[in-house]
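*Asks:* Test case, fold it:
(chains A and B)
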Amino acid sequence: MAVSAINASHEAVRARYESVDSVYRETRDLRLLGFVLFLISDVVIFSAFIFAYLYLRNSVPNWPPINKDGVQLPRFDVAFAAINSCVLFGSGATMHYAMESWKKLNRSAFNLWMIATIFLGLCFLGGQAYEYHSVAVTWQGSTMGASFFTLTGLHGFHVFVGVIYLIVLFLQANRGVYTGSKYFGLTAGTLYWHFVDVIWVALFYLFYLM
Amino acid sequence: MAVAAAHAGAILGDHDHIHPEPQGFIRKYVFSLDAKVIGVQYMVTAFLFFIIAGLLAEIVRTQLLSPNGGFVSNDTYNGVYSIHGSAMVWMVIIPMMTGGFGNFVMPLQIGARDVAFPWLNLISFWLFPVSALILFSSFFVGAPDAGWTEYPPISVQGPPGTSLWALAIFLIGISSTMTGLNFMVTIMKMRAPGMTFTRMPLFVWASLATALLNMVATAALSAATAALFIERTFDVPFFDPARGGSPLLWQHMFWFYSHPAVYIMILPAFGIVSEILPTFARKPIFGYKMIAFSSIAIALLGFMVWAHHMFTSGLAPWLQLPFMLLTMVIAVPTGIKIFSWLATLWGGKIEFTPAMLFSIGFLLVFTFGGLTGIFLSAVPTDLHEHGTYFVVGHIHYVLFGGSVFGLYAGLYYWWPKITGRLMNAKLGVWHFWTTFLSFNATFLPMHWLGLAGMPRRVAQYRPEFQLWNDVETIASYVLALSTLLFIYNAIESLLRGPKSPPNPWNARTLEWQISSPPPYYNFKTIPAVLKNPYDFGEPLPYIGLDRELDGQPPGNGHGEPAPAHA
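*Replies:* Numbering: from 1, shown residues only, chains lettered A, B, ... in the order given. Predicted structure coming up:
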């Protein structure tokens, strides 16, 4: 299509909508409510799998159960998971400071804290990978393994998506997408990252301490 | 053209919720962002699947003509009734109710130009035909054979199509969750100025309650179907008792969604009927707040009753009593609605249009279905009726007599608004009576067949049940043919129907105050709202609608005085 035609139709569309009155053009933050509701529905998905875990756990006399070959399964190793948890919670703290720096318009501190958050997130994923490699249960072998790998895997997937999201936010922020007053993407990223932390608190208690 | 449209959208800013009207066919009718177009897409697609799933039901009924079956093989029969149930629930009623009417009517009724997240809406819609195709294609690899509930261990061991079933239901669940989220934000944040919660039309209240259920309960369904898919695909033990899993776990996870799902299917119908009854009785709705709040009460209580589907599954006896009592408690908000509707009709100047007939028919048969629900909720009678045709009769009275009658009522009511053309009312009345009579002849005998002991989901049955089964089958053919009257009426109306005035029924909600069909942007000026819309006989409670009709006469075009604006 010729450029002039594009411009003409563009102008026509624009004229039409400028004639529509502007009552509606107010800045209600729909996205924040939408994002919080998304997190709530995500909580429901985690809750359903946690319910399944507790249900399976309570349907056998002893926990950890015996696996399909009749071998008594050990408990999960708390020590390594505790260190790895500290890494994830630490990334929550760095994310908090990143956001605070952004609000204070301190770009260089924001960048440093964001890089720290992304690094800690990757460390947590590495720790998860190491634990998957070294843990005594398998996904298919028992209901314990089924619950453990499904729930921590779902959580790990959320962390993975979160790390990618944070990288995108980092790049966007440095390309000037967000300003000192309009930074919903960063707010959503922070909310999401803290949400992933909180879910991990529940999973850590359920699998390692309970 | 699409490029230009997208460009203009960027210039207008992110916060105006008016994406410019696309000009090309694809962007206008296929990948549209406009909630009205998406609503019609949902309706047309869901009606297509309604025909397919209805034909599957006719295969079931034809098989049951003879006690020895023989029309299709037993395996095919299992697949046919499983897909019939799954498709009717997930691909017909839920998309039609929430996606169809929710998208078309709800934004208009709250005076909005679109839903909160048009792109999310577009994705929600397109997940729907994709998941339906996956569901129906399971016939080619061996359809799931454990009914629409897919209980393990049968579903774990079932044919390959069961995995496709789980995938399809997972996808439509994601789509429902997104629609619920979208509608929650739309209703909470985008109502016209002055439209407080207690001034919202009752269909909007019903949509709000449904959106809550869609958002929360459907996420649990996604988890359940994901677990089933993982178990079948990767051999991970969740439900297989041989490896420490629990079949009951599936029943809990499934019914935690699927009991609220029956309210997802019926609450919008409550909303539709609450719009139609006062309009055609020409009376204010009785008990506006009671009807509104009882929708929320039903939605919340709906989360606490799922285990009443499991009374015979080995549920702990101490759990049975609370689930039985909570289930019976749901009859209270439902009863409040029924009595409010009856009081709305009482002394009204009733016009028996097709929409009104279907609404009154809804009242009759849904109440009957609700009463048999009380029988089923009581543990002692449920032990006798569980797994029999009594349950089949009950579910069809509430889902066909309730939801589908509500859908027909809504289609007749909003047809002029959606298409800009009127339907043939006489044909509509014929459609109602043939549907109503053949519906009862089809599903009423199921109750006594069930009480006499005929189990559900069987391909063959004892010869003494043949008489009523044959009556049901023949009536079901009439029921299927009566649908043709609607289809003919719809096509005839689209091709040659008289043009509809903006407000053919002299109704008072906002969508009737603008032209039929509504313009792309819905409202030139967002109106202000002073009261709830049901005070028939008083001036309309809106300010700022005088520019909407561009000189078209308001009202129903029959010379009756149009209601004046405040």
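*Asks:* which element is the residue nearest to residue B:95 when sequence neighbours are not counted on?
*Replies:* Distances taken as C-beta to C-beta, 6 or more residues apart in numbering or on different chains place residue B:46 nearest to residue B:95, at 4.6 Å, with adjacent residues excluded. Quick note: C-beta positions are derived from backbone N, CA and C, even for glycine. Assigned by DSSP states H and E, residue B:46 falls within helix B:35-63.
*Asks:* Can you spell out which helices and strands pack onto that helix?
*Replies:* Using 3 or more C-beta pairs under 8 Å, 6 or more residues apart in numbering or on different chains; DSSP states H and E as the contact test, the elements touching helix B:35-63 are helix B:74-86, helix B:103-109, helix B:118-137, helix B:405-419, helix B:466-496.
*Asks:* Please name whichever of those is nearest to residue A:107.
*Replies:* Proximity to residue A:107 (C-beta to C-beta) singles out helix B:118-137 among the helices and strands packed on helix B:35-63, at 30.5 Å.
*Asks:* hang on, residue A:150 packs against residue A:46?
*Replies:* No - checked against C-beta atoms under 8 Å, the pair residue A:150 and residue A:46 is beyond contact range at 10.6 Å.
*Asks:* My read is that residue B:109 contacts residue B:510, right?
*Replies:* Yes - applying C-beta under 8 Å as the test, residue B:109 and residue B:510 come out as touching, 5.6 Å apart.
*Asks:* Now list whatever residues contact both of these two.
*Replies:* residue B:201 (C-beta atoms under 8 Å, 6 or more residues apart in numbering or on different chains).
*Asks:* Return the distance of residue B:50 relative to residue B:404.
*Replies:* 8 Å (C-beta to C-beta, to the nearest Å).
*Asks:* Count the residues that sit near residue B:245.
*Replies:* 26 (other C-beta atoms under 10 Å in any protein chain shown).
*Asks:* who's in contact with it?
*Replies:* A:56, A:143, A:146, B:152, B:231, B:237, B:238, B:239.
*Asks:* again, 7 Å this time
*Replies:* A:56, A:143, B:237, B:238, B:239 (C-beta atoms under 7 Å, 6 or more residues apart in numbering or on different chains).
*Asks:* do residue B:172 as well
*Replies:* B:90, B:127, B:128, B:131.
*Asks:* Can you name the helix or strand that the nearest residue in space to the second one that is not next to it in sequence falls in?
*Replies:* Spelled out, it's residue B:127. Distances taken as C-beta to C-beta, 6+ apart put residue B:175 closest to residue B:127, at 3.9 Å, once the chain neighbours are dropped. Using DSSP H and E, residue B:175 sits in helix B:161-189.
*Asks:* Enumerate the positions of that helix that are buried.
*Replies:* Buried residues in helix B:161-189, counting neighbours by 16 or more other C-beta atoms under 10 Å in any protein chain shown, are found at B:161-188.
*Asks:* Show me what the helix or strand that that helix is followed by packs onto, helices and strands only.
*Replies:* Next helix or strand after helix B:161-189 toward the C-terminus (DSSP H and E): helix B:202-234. For helix B:202-234, the packing partners by 3 or more C-beta pairs under 7 Å, 6 or more residues apart in numbering or on different chains; DSSP states H and E come out as helix A:30-58, helix B:103-109, helix B:154-157, helix B:161-189, helix B:247-281, helix B:288-301.
*Asks:* Report the angle between the fourth one and helix B:247-281.
*Replies:* Which is helix B:161-189. Computed with axes from the mean of the first three to the mean of the last three C-alpha atoms, to 10 degrees, the direction of helix B:161-189 lies at 50 degrees from that of helix B:247-281.
*Asks:* distance between helix B:161-189 and the chain's centre?
*Replies:* On the basis of C-alpha atoms, centre = their mean, to the nearest Å, helix B:161-189 is displaced by 14 Å from the centre of the chain it belongs to.
*Asks:* avg pLDDT for it?
*Replies:* Averaging pLDDT along helix B:161-189 yields 95.
*Asks:* The residue nearest to residue B:95 is in contact with residue B:96, isn't it?
*Replies:* Yes - between residue B:46 and residue B:96 there is a contact under C-beta atoms under 7 Å: 4.0 Å.
*Asks:* Name the residue in these two with the higher neighbour count.
*Replies:* When neighbours are counted by other C-beta under 10 Å, residue B:96 comes out ahead of the other of residue B:46 and residue B:96, with 28 against 24.
*Asks:* quick one, what contacts that one?
*Replies:* B:42, B:43, B:46, B:407.
*Asks:* Next: residue B:221.
*Replies:* Each residue near residue B:221 by C-beta under 7 Å, 6+ apart is listed here: B:169, B:173, B:257.
*Asks:* from what I can see the last one touches residue B:216, true?
*Replies:* No - with contact defined as C-beta under 7 Å, residue B:257 and residue B:216 do not form a contacting pair (9.3 Å).
*Asks:* who has more neighbours, these two?
*Replies:* Ranked by neighbour count (other C-beta under 10 Å), residue B:257 and residue B:216 place residue B:257 first, with 27 against 22.
*Asks:* where's the nearest residue to that one once chain neighbours are set aside relative to residue B:402, distance?
*Replies:* Spatially, and ignoring its direct neighbours in sequence, residue B:257 is nearest to residue B:221 (3.5 Å; C-beta to C-beta, 6+ apart). The gap separating residue B:221 from residue B:402 is 21 Å, by C-beta to C-beta.
*Asks:* what do you get for residue B:467?
*Replies:* 28 Å.
*Asks:* neighbour count winner among those two?
*Replies:* residue B:402 (27 against 11).
*Asks:* does the closest residue to the more buried one other than its chain neighbours sit in a helix or strand, and which one?
*Replies:* Of all residues not flanking residue B:402 in the chain, residue B:366 sits nearest, at 4.1 Å (C-beta to C-beta, 6+ apart). Using DSSP H and E, residue B:366 falls within helix B:354-377.
*Asks:* How is chain B partitioned into domains?
*Replies:* Per the record, chain B has its domains at B:1-28, B:32-543, by automatic domain parsing.
*Asks:* Show me the one of those domains that comes nearest residue A:71.
*Replies:* Nearest of the domains of chain B (C-beta to C-beta): domain B:32-543, 12.9 Å.
*Asks:* Can you name the residues that contact residue 191?
*Replies:* With no chain named, the answer covers chain A. Residue A:191 makes contacts with A:35, A:39, as judged by C-beta under 7 Å, 6+ apart.
*Asks:* you looked at the wrong chain, it should be chain B
*Replies:* Residue B:191 neighbours (C-beta under 7 Å, 6+ apart): B:110, B:111, B:200.
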